[in-house]
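Student: Task: produce atomic coordinates for the following.
(chains A and B)
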Amino acid sequence: MCAAPLTTDSAPASLGPRTGALARRPVSGHRLREAALPYLLIGPTVLVIGVVMGYPMLNLVALSLQHYGLAELLAHQGTWVGLQNYQDILGDALFWQTVARTATFTAVTVAASMFLATLLALLLTRVSSPVKLLLSGGLIFVWATPVVVAIDVWQWMVDFEFGVANWLLTNLHVGSYAHHNWFENPLEGFGVITALVVWGALPFLTITLYAGLAQVPVEIVEAAECDGAGAWQVFWQVTVPIMRPLYLILFSLSTIWNFRLFDQVWIMLNARPSSGFYMLGVYSYVKSFKVDQFGLGATIAVVMVLMLMVATFVYIRGLARSGELDR
Amino acid sequence: MNPRHVARTAAVLALALVAVACGGNTGSSSPSGTLTVWLMNGSAPDSVVSAVNADFKAKYPNVSVKVQIQQWSDVTTKLDTAFAGSTPPDVVELGNTLVAKYAAAGALTNVGPKKSSFENSSTWLQSLTDSCTVNGKLYCVPYYAGSRAVVYRKDMFQKAGVQPPTTMDDWLQTGQKLMDANKADSSFSALYFPGKYWYAALPFIWDAGGDIAAQGGGQWKGTLNSTQSQQGLTTLSKMVGSLSRADKTGDEARQDQAFVQGHIAMLIANGWEIGVITDPKSGDPTLKDKLGVFPIPSHTSGQSAPVFLGGSDLGVAAKGKNQDLANEWVKLLTGTKFQTQMATVGQVIPNTTTLLDTNKDQPLLGTFAAAAKNSKFVPNSPNWANVESANVLPDMLVSIFTGKAPIADASTSASNQVTQILNAKS
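Tutor: All right, here's what the predicted structure looks like:
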């Protein structure tokens, strides 16, 4: 109830520009300054984003409308071909396989890392201080490892000839893993890459969720428990709804990060991944820099950005709406 | 503004401009500046490069030469970027399969008019000259060649009681005997063949009468799925399946290091790899007396299979600012004096037929030079480099060796890709 007066009070100011009422009335200098202030404040940000992201993005779109091969690169001048590149890409079977692979990989890694991070965050709230210190210390170490170094370490662990994974699995009598190639079958290879990506994502997610858990009011949890709610119910009915905005942000960030995966595939497979390992980012790079079709590469990148925009937009709207309904 | 002041400024500016314009080439007496040279990893030994630079310095004391060594794995990306910029390296070493692409795109200077000023230009190896020739113009200078043969361990052959094979069938049987004799060693490979090693797969395809692609009516057509090519791939797949424990998805980059470990009896290698294997630092010098070489056998007795003639050429960048100096540097490295050193120290095949017998008295290297006489090349098209970059052949081989696809399917898919890429408008 306490929110109602506030809403009615601020309504004319916020509705004014939209209905045009403000424009018809004579505007005092004070009001104008007040109306301009938000734009003034957001101005520098928009400018920086425009220069840093908007300009390259426009260039990318322009490139995707041109035939741009090596000769064009040397001459710094492409040939405009309209939507030809888009036609080519959308008619390319390998592209659609890559889209499906990228989407599946993103879904699996985001689900797995969110699930494990939630478990770890809950664990952190329950364990004693020394264990908590040890656990978060470990997480920070993982976080502090540069991606390229981490990939190299993992590459060694699953190495065909000298890898500790093969040695361990053989000695544990899981099977004969001597000279086992983890990247022979792309499904198995993606198992390793998924493990690596989830492992690398855990520290940030866990620590953020742990911080979020600390914000859940103890009174509400206690009240729920007094009403006879079990641990499971408390988690689903109290903790998750309160943490929903946080989950929303983490889900969208993880989706974006994992959808544009590149390093893990590229470095793990010695910069020569077979097409069974192509992700959208890798495919775009291969088209641009390996076969010198910069226009086609740019087209894939543009399509990729559009997909991400649609996915995150639908996602955020859906979650935000369900959040509003609950309140 | 004071008009006299303006005039004085203009005069100073004009002087400065003249000075700048002349800076690169102050008179004919002694040019100055910096010459940037890109050489590939493993091409010329350090001692040869230093000797070339010393000779160059003696002639052009005011020019400093910067030699930068590039890696094969990402070189096309680097070359694209360098050639697109305004200051590319003055001299570039290009793998002979890459020249057509860069020449067609206009990245290299036509050195045809100056051909006769290069030593031995009338006796250059024909296939290297061909790789430099695009649309009838010469865009690079042949640098060196390499061909592959089988390097084997004489001691292991002796222990297993086998002789170097003379036919393809004989080769498989020899390998099987070696496998039997080394049953106890679970990491033993009679023939070490990493899955992506497509240079070594070509002799099998060619020997069976197959090829990568054929040209007709101005169009290319992939022929990796022809009956003959598939037959060659079947033979290879049988060999790899029963004789090799190398990574079926790996490449040949570290095969010499693997050979040194002592669990390998045979290896398909370039002549210069003998030097890597017996190097005191990276290899094992005690293997020197235990190594033998035989040419890749053919299915026809008494012949050897055609091998891929690899090699490098030296190009001068079209956008380079020091083209005359670049030519002078190239002249040194491709001339008789340093080509002889390339053969003796670098253990490669020199760029001219007049020097082919340089290593005649060395039994190992002699075999490689002899193998080069029955050699073939990949389709000479500006788009060929894209077939390489798209990993078409390695992917096909990996699919076959790992059993992911039957030979017919894998070779048809690869063949279609080759057709598509070679006929694409670049």
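Student: how about stretch B:182-198 as PDB, C-alpha atoms only?
Tutor: This file holds the C-alpha atoms of stretch B:182-198, laid out as PDB (Å, rounded to 0.1, in the frame of the first residue of the first chain):
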ATOM      1  CA  ASN B 182      57.200 -55.900 -30.600                       C
ATOM      2  CA  LYS B 183      54.000 -57.300 -29.100                       C
ATOM      3  CA  ALA B 184      55.200 -56.500 -25.600                       C
ATOM      4  CA  ASP B 185      55.400 -52.800 -26.200                       C
ATOM      5  CA  SER B 186      51.800 -51.500 -26.100                       C
ATOM      6  CA  SER B 187      52.800 -48.100 -27.600                       C
ATOM      7  CA  PHE B 188      54.800 -49.500 -30.500                       C
ATOM      8  CA  SER B 189      54.000 -48.300 -34.000                       C
ATOM      9  CA  ALA B 190      55.600 -50.100 -37.000                       C
ATOM     10  CA  LEU B 191      54.600 -47.100 -39.000                       C
ATOM     11  CA  TYR B 192      53.800 -43.900 -37.100                       C
ATOM     12  CA  PHE B 193      51.100 -42.100 -39.100                       C
ATOM     13  CA  PRO B 194      49.200 -39.200 -37.300                       C
ATOM     14  CA  GLY B 195      45.700 -38.900 -38.700                       C
ATOM     15  CA  LYS B 196      45.900 -35.400 -40.200                       C
ATOM     16  CA  TYR B 197      49.200 -36.100 -42.100                       C
ATOM     17  CA  TRP B 198      47.700 -35.500 -45.600                       C
END
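Student: Burial check on B:Thr87, number of neighbours?
Tutor: B:Thr87 is flanked by 11 other residues according to other C-beta atoms under 10 Å in any protein chain shown. Glycine gets a C-beta too; all of them are placed from N, C-alpha and C.
Student: helix, strand or coil for it?
Tutor: coil (DSSP: H, G, I helix; E, B strand; the rest coil).
Student: That one is in contact with B:Lys321, isn't it?
Tutor: Yes: the pair B:Thr87 / B:Lys321 is scored as a contact, 7.3 Å apart, by C-beta atoms under 8 Å.
Student: Nearest residue to residue 193 in space, please, no chain neighbours.
Tutor: The chain I'm using is chain A. In this structure, A:Ile193 finds its nearest non-sequential neighbour in A:Gln264, 5.2 Å apart by C-beta to C-beta, 6 or more residues apart in numbering or on different chains.
Student: my question was about chain B
Tutor: B:Ser244 (4.2 Å).
Student: show me the contacts for that neighbour.
Tutor: By C-beta atoms under 8 Å, 6 or more residues apart in numbering or on different chains, the contact list for B:Ser244 reads B:Ser189, B:Ala190, B:Leu191, B:Tyr192, B:Phe193.
Student: What mean pLDDT does stretch B:273-287 get?
Tutor: The average pLDDT within stretch B:273-287 is 90.
Student: residues in contact with it?
Tutor: B:151, B:153, B:255-257, B:259-260, B:267, B:269, B:288, B:291, B:293, B:347, B:364-365.
Student: 10 Å - rerun?
Tutor: B:42, B:45, B:146, B:148, B:151, B:153-155, B:252, B:255-257, B:259-262, B:267, B:269-270, B:288-291, B:293, B:345-348, B:362, B:364-365, B:368 (C-beta atoms under 10 Å, 6 or more residues apart in numbering or on different chains).
Student: Check stretch B:297-304 too.
Tutor: B:149-150, B:164-172, B:174, B:203-204, B:206-209, B:231-232, B:235, B:294-296, B:305-306, B:367, B:370-371, B:373-374.
Student: Counting neighbours, which of the contacts of stretch B:273-287 end up buried?
Tutor: B:42, B:45, B:146, B:148, B:151, B:153, B:252, B:255-256, B:259-260, B:267, B:269-270, B:291, B:293, B:345-348, B:362, B:364-365, B:368 (16 or more other C-beta atoms under 10 Å in any protein chain shown).
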